[in-house]
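K.L.:
got a sequence here, can you model it:
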Amino acid sequence: MLDLELLRSFVSVVDAGGFTRAGERVHRTQSTVSQQIKRLEEDLGQPLLIRSGKDVTPTEAGERLLSYARRLLALAEEARDVVSQPGSEGAIRLGITEDFAAYRLAKMLATFSRSHPNLRLDVRAGQSIYLRRDLERGDIDLALIKRDANEKGGMAVWPERVHWVTSKSHPRDTSAGSVPLIGFSTGCLYRARAIHALESAGRNWHMAYTSSNLAGIQAAVAAGMGLSILSEMSIQADHRVLTAKDGFTPIDRTEVALEAAPDASPATLRLADRLADFCESVQAKAA
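P.N.:
Residues are numbered from 1 along each chain as shown. Below you'll find the model as predicted:
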């Protein structure tokens, strides 16, 4: 059996990037933390950390262990909460994409949380490719993601409306030369769709601005740094939608899907119903 205290120290060392800072987090001395890591490495028969001066990084085996360690620690914390708090409904780990996080969904989730005071809600926003990976690994229980149209699976699916956008005040002239693109990093569905559309039309392109969050992309578009693809809910007043008349045909065949873990709890399924109602209302308003 893996010792949770050893795993907690291991995760702290990786997150802190060193033994001294990790010791401060877990309230142990540097030497104690170092000995705990040594015990964990001996138990597993693998070196887990690469020590370079004061800096510490995980080995390949350490990288593999890290995800499991986080899940085990989270599960132990959840179990403690469920047992120690009478009437607890457990916890729901929800993954949502950036545009839904920035939209009205936060208010709905806050209302749901208030109506279930004995339920712990853990919401994380990110790219669909990573949310789907986390769902498959068991790191989250429910996910609202973007995907290619007609993929199989999912509790509910909605067609998505996405558009090419530029700045309303400082539109880019894209009639000639390389098209400057704004978007998330590699792995983003919208980025892949934009590149595919341009290359299919025989047009050159380059990444002018890459951001890890939606707000950065929206701001870069508004400032006139380039073009992007955004869902209808993410288009702002200082953006202008480009059409076929501008030389940019609509992007289609993407959808929003609600996916749950196979062993989803009753509380998770109740939240899934609320999310489905929310998405239906968004679709109705956009129609």
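K.L.:
next structured bit after the helix or strand harbouring residue 25?
P.N.:
Taking DSSP states H and E as the definition, residue 25 sits inside helix 19-26. Sequence-wise, the next helix or strand downstream of helix 19-26 (DSSP H and E) is helix 30-44.
K.L.:
centroid residue for the chain?
P.N.:
When the chain is reduced to its mean C-alpha position, the nearest residue by CA atoms, centre = their mean turns out to be residue 126, at 1.7 Å.
K.L.:
for that one, which non-adjacent residue is spatially closest?
P.N.:
Excluding its sequence neighbours, the residue lying closest to residue 126 (CB to CB, 6 or more residues apart in numbering) is residue 95, at 6.5 Å. (Each C-beta comes from the backbone N, C-alpha and C, glycine too.)
K.L.:
show me the contact partners of the longest helix along the chain.
P.N.:
With residue count as the measure and DSSP state H as the assignment, the chain has helix 60-84 as its longest helix. For helix 60-84, contacts defined as CB atoms under 8 Å, 6 or more residues apart in numbering pick out 2, 4, 7-8, 10-11, 14, 44, 46-49, 58, 88, 90-91, 93, 120, 137-139.
K.L.:
just the buried members of these?
P.N.:
A residue is treated as buried here by neighbour count (16 or more other CB atoms under 10 Å); on that basis the buried members of these are 7-8, 10-11, 14, 48-49, 58, 90-91, 93, 120, 139.
K.L.:
ok, which pair from those residues is furthest apart?
P.N.:
The widest separation within the buried ones among the contacts of helix 60-84, taken as CB to CB, falls between 49 and 90 and amounts to 33.2 Å.
K.L.:
in strands only, show me the contacts of helix 60-84.
P.N.:
Judged by DSSP state E, the contacts of helix 60-84 include 49, 58, 90, 91, 93, 120 as members of strands.
K.L.:
closest to residue 261 among the residues you listed?
P.N.:
Sorting the ones in strands among the contacts of helix 60-84 by distance to residue 261 puts residue 93 at the head of the list, at 9.1 Å, by CB to CB.
K.L.:
got the contact list for the closest one?
P.N.:
When contacts are counted by CB under 8 Å, 6+ apart, residue 93 is found next to 74, 122, 124, 139, 140, 141, 142.
K.L.:
go with 6 Å
P.N.:
Contacts for residue 93 (CB atoms under 6 Å, 6 or more residues apart in numbering) come out as 122, 140, 141.
K.L.:
can you tell me how far the second one is from residue 133?
P.N.:
Distance check for residue 140 against residue 133: by CB to CB, to the nearest Å, it reads 10 Å.
K.L.:
these two: who's more crowded?
P.N.:
Neighbour comparison, residue 140 and residue 133: the larger count goes to residue 140, with 25 against 17 (by other CB atoms under 10 Å).
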